[in-house]
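# Could you work out the structure for the sequence below:
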Amino acid sequence: SRAVQSRKPVRNIDTAKHANMAVPPAYADLGKSAKDIFSKGYGFGTVKLDLKTKSQSGVEFTTGGSSNTDTGKAAGNLETKYKVKELGLSLNQKWNTDNVLTTEVTLEDQLTKGLKLGLDTSFVPNTGKKSAKLKTGYKREYMNVGCDLDFDLAGPTVHAAAVLGYEGWLAGYQRAFDTAKSKLAQNNFALGYKAGDFQLHTNV
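Model (predicted):
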């Protein structure tokens, strides 16, 4: 007699599903694609021009300008960006026609994967006004959290935000606490859904 060996079917892992487990965006970037349609795609009454180039040394230069056809008011900005990939370091400097100079230094994925540290500073030569913000963020699958400390002469303001994502659904919450006045300065909640080219976003 001939023995027949039966085999159970091998169960394949749904790799496509795991591939879609992307890191959710930061709270400030929720619904960004939808907002860009109105701010970048269709500028009624506004003429915009953006130019970007990159030098051989890796420095990126971006310049932009806009003009309101109704009021005739024009605005422009110049931005330079340089990255040291092996150190996870990036330097970003901006100047605009309001004579505001900003500098941003960030360090990413160095202390631990997904952790981003940054320092933003701004300076207005005409008035001598200065400001600084210390930024921290941590992201991984299903979550993106951040905490910023906005320094002010009266006292710092603490900003905290978190976004959770699962199978296209996004839920985010942010709040800001003014330590000088000892009160809640901001309290917002956002909900969104994204599937392919379709995106829905709402916030309160």
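# quick one: contacts for Thr102?
Taking Cβ atoms under 8 Å, 6 or more residues apart in numbering, we find Thr102 in contact with 93-95, 120-123. Backbone N, C-alpha and C define where each C-beta goes, glycine included.
# Revised request: answer the last question for Asn96.
Applying Cβ under 8 Å, 6+ apart, the residues near Asn96 are 75-78.
# okay, and the helix or strand of this structure with the least pLDDT?
For the chain, counting by mean pLDDT, DSSP states H and E, helix 15-19 ranks last in confidence among helices and strands (a mean of 42).
# Could I have the buried ones of the contacts of Asn96 as PyMOL selection syntax?
Those of these that count as buried under 16 or more other Cβ atoms under 10 Å are selected in PyMOL with:
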select buried, resi 77
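# In strands only, show me the contacts of Asn96.
75-78 (DSSP state E).
# and Ala161, how many neighbours?
Counted with other Cβ atoms under 10 Å, the neighbours of Ala161 add up to 22.
# secondary structure element for it?
Assigned by DSSP states H and E, Ala161 falls within strand 157-166.
# Would you list the strands that the helix or strand where Tyr82 lies pairs with, along with their directions?
Secondary structure here is read from DSSP H and E; on that basis Tyr82 sits in strand 74-84. Here the strand partners of strand 74-84, with direction, are listed using DSSP bridges: strand 60-68 (antiparallel), strand 89-96 (antiparallel).
# Would you mind checking which of these scores lowest on average pLDDT?
Out of the strands paired with strand 74-84, the stretch the model trusts least by mean pLDDT is strand 60-68, with a mean of 89.
# and it, which residues are buried?
Using 16+ other Cβ under 10 Å as the test for burial, strand 60-68 gives Thr62.
# again with stretch 162-169
Counting neighbours by 16+ other Cβ under 10 Å, one finds that the buried residues in stretch 162-169 are 162-163, 165.
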